[in-house]
Structures are given as C-alpha cells and as structure tokens.
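**Q** pasting a predicted model and its sequence here:
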Amino acid sequence: MTEKTTLAPVIRRAGEGEKRWFFGGGVFTWKLGSADEEISLIEIDMVEGKWTPVHTHPVSESMWVLDGQIRYRINDDEHELGAGDFVMVPPGVPHAFLVTSGTAKVLGIQPTCECEPFYLGASEPFEGSACIVDFTRIARSAEENGGIEIVGPPPF
C-alpha cells in the first residue's frame with residue numbers, strides 16, 4: 001500500500017514567489033511548483049513583441065490572460081485573447097503566441113511539474129539578471145531537460 005503525502009496549504013501574496021528571467025523573454029514568478037504541489041502555476045509578465053516558436057509539451061498547457069492582449073496560434077488557427085480569456089492546449093498539440101499589447105500578464109498552468117526542469121534550465125534568478133533573450137539557452141534546456149519540443153519558427 002502506497003502512503004499518500006499530505007501537502008501543506010500554500011498562500012502566495014501578490015508579488016510573492018520565486019522570480020526568474022526566462023530566456024525566451026519575460027519574468028516568471030513561481031506561484032506553485034514541484035516544491036509545493038503537483039501542479040505548475042507561473043505568473044508571467046511580458047512586453048510587446050514577445051513571441052514563442054511553434055512548440056509542443058508532453059502535458060497540457062493552459063494560459064489565463066490577466067492583462068494585455070495575446071495572439072495565440074493552435075495548429076493553424078489564430079485567436080485574439082484579452083484580459084479574462086483562457087486557453088488550454090492538450091499535450092502534443094503545436095502552439096505559439098505573440099504579445100500584441102504594450103505589456104501582458106498571464107497565468108501559465110500545467111497539471112504536473114513535468115516541464116519544470118525545462119523552465120528552470122531556460123531561466124535564471126531575476127535579481128542580477130541582464131534580462132537578455134537567448135533562444136540558444138532555450139534550445140539547450142529543451143534538449144537537456146525535455147518538457148518542450150520546438151517544432152517550427154514563430155508563425156507571426
């Protein structure tokens with residue numbers, strides 16, 4: 001019989017959580033991760049023009065837009081998302097996005113922390129970061145840690 005560990009409740013106030021500069025652009029603030037829970041919940045602050053290549057994940061990925069405008073592509077379909085909008089992409093489905101407003105804030109949600117090693121390898125602590133976009137570091141983390149497969153260039 002497997003004993004289930006009881007996790008402690010987690011409260012993160014506004015602005016709290018580990019902050020990291022993601023080399024694809026943006027400040028990631030971990031609200032929940034493998035140290036706290038079995039799901040991944042990351043608040044992401046981005047600026048206009050931030051984009052992703054077409055990619056897939058081994059788990060579903062959801063994005064809840066808290067502020068700003070995002071152009072989101074799933075397969076060959078594009079969708080304009082704004083504050084309050086939500087998207088969920090199943091595992092293995094190609095997708096990409098582009099920030100079209102001056103700034104945007106989203107909540108990234110994954111049902112497991114399977115992709116966390118990729119995000120940690122593709123980022124560095126925000127404090128002291130030069131905040132440089134470096135897709136070589138993204139590709140290296142994908143190769144070393146899994147959690148993402150880049151399947152094409154940005155479609156925008």
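**A** Done, it's in.
**Q** ranges for the helices of this protein?
**A** 116-121, 135-145 (DSSP state H).
**Q** low pLDDT regions in this protein?
**A** Along the chain, segments meeting pLDDT under 70 span 1-5.
**Q** most centrally placed residue in it?
**A** Central residue of the chain (Cα atoms, centre = their mean): residue 108, 5.0 Å from the mean position.
**Q** spit out the contact partners of the closest residue to it other than its chain neighbours.
**A** Nearest non-adjacent residue to residue 108, counting by Cβ to Cβ, 6 or more residues apart in numbering: residue 42, 4.4 Å away. Where you see a C-beta, it was placed from the backbone N, CA and C, and this is true even at glycine. Contacts for residue 42 (Cβ atoms under 8 Å, 6 or more residues apart in numbering) come out as 28-31, 33, 107-108, 119.
**Q** switch these over to JSON lines; also include distance to residue 132.
**A** Converted to JSON lines, the contacts of residue 42 look like this (distance: Cβ to Cβ, whole Å):
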{"residue": "28", "distance to residue 132": "15"}
{"residue": "29", "distance to residue 132": "19"}
{"residue": "30", "distance to residue 132": "20"}
{"residue": "31", "distance to residue 132": "25"}
{"residue": "33", "distance to residue 132": "23"}
{"residue": "107", "distance to residue 132": "25"}
{"residue": "108", "distance to residue 132": "21"}
{"residue": "119", "distance to residue 132": "17"}
